[in-house]
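[1] What would the 3D arrangement of this be:
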Amino acid sequence: MSTLIETERLFLRELEFTDEDDLFEMDADPEVHLYLENNPVKTIDEVQKAIKMLKKQYEEYGIARWAVVDKSTNECIGWAGLKFFNGPINNHNKFYELGYRFKKKHWGKGYATESSKAILDYGFNNLNTESVFAMVAPKNLNSKKVLIKLGFTFQETFDYNGDSTDWFELKKINWGNKKANS
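    Okay, here's the model as predicted:
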């Protein structure tokens, strides 16, 4: 699969089954899953099923989470992207949600911000959406810092599958203004 987006340090492309070892390394780490239901993967089969599900989302919606690849090493360091929700969540229906996840050894290097900026540009310019949402565990302060840096605003805390979850929104009009001022 060809690169969909290129940033200064990263390539973003569809996830492939060849990424399974890198994704297993990431998703088997309990610290990566601390704010994700504390349910790290235990087998490579679980990762293969996740990739299969993402490939179905690419087919159905033309978008899903993408592999984030370090240009200098060609390592898949995690994933980031927009997920289309066709059903209702927090009184919203048919919306895009920004998400990202990285191997722990790559935390704190600005990859979430760098990849998300490119993904938001893609979303607002190619998907005809007026808003992108994000959901984050209230205690996940680092992820919330990334969202705020990107221009998202906190909307509310709601119950998502029995867990308290913070809901953020970024409107296209604000993204355009943020980019013009940066």
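[2] show me what contacts residue 43?
    Counting by CB atoms under 8 Å, 6 or more residues apart in numbering, residue 43 touches no other residue. For glycine as for every other residue, the C-beta is placed from the backbone atoms N, C-alpha and C.
[3] What are the phi and psi values at it?
    Per-residue torsions, residue 43: phi -140, psi 160 (degrees, to the nearest 10).
[4] mind checking how far stretch 32-48 is from the chain centre?
    Stretch 32-48 sits 16 Å away from the centroid of its parent chain (CA atoms, centre = their mean, to the nearest Å).
[5] Just the C-alphas of that stretch, formatted as PDB.
    Taking Å, rounded to 0.1, in the frame of the first residue of the first chain, the C-alpha atoms of stretch 32-48 are listed here in PDB:
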ATOM      1  CA  VAL A  32      -0.100   1.200  26.600                       C
ATOM      2  CA  HIS A  33      -3.500  -0.200  27.700                       C
ATOM      3  CA  LEU A  34      -3.600   1.500  31.100                       C
ATOM      4  CA  TYR A  35      -6.400   3.800  29.900                       C
ATOM      5  CA  LEU A  36      -7.900   1.400  27.400                       C
ATOM      6  CA  GLU A  37      -9.900  -1.000  29.500                       C
ATOM      7  CA  ASN A  38      -6.600  -2.600  30.800                       C
ATOM      8  CA  ASN A  39      -6.900  -5.300  28.300                       C
ATOM      9  CA  PRO A  40      -3.600  -5.900  26.400                       C
ATOM     10  CA  VAL A  41      -3.600  -8.500  23.600                       C
ATOM     11  CA  LYS A  42      -2.200 -11.900  24.500                       C
ATOM     12  CA  THR A  43      -1.900 -13.400  21.000                       C
ATOM     13  CA  ILE A  44      -0.900 -12.400  17.500                       C
ATOM     14  CA  ASP A  45      -4.300 -13.700  16.400                       C
ATOM     15  CA  GLU A  46      -5.900 -10.800  18.300                       C
ATOM     16  CA  VAL A  47      -3.800  -8.400  16.300                       C
ATOM     17  CA  GLN A  48      -4.600 -10.100  13.000                       C
END
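[6] Please point out which parts of it sit buried.
    32-33, 35, 40-41, 46-47 (16 or more other CB atoms under 10 Å).
[7] Over to stretch 149-169?
    150-152, 165-169.
[8] and which of the residues you listed is nearest to residue 27?
    If you rank those by distance to residue 27 using CB to CB, residue 165 comes first, at 19.8 Å.
[9] List the pairing partners of the host helix or strand of that closest one within its sheet, with orientation.
    Using DSSP states H and E, residue 165 sits in strand 163-171. Strand pairing for strand 163-171, using DSSP bridges, gives strand 131-136 (antiparallel), strand 153-160 (antiparallel).
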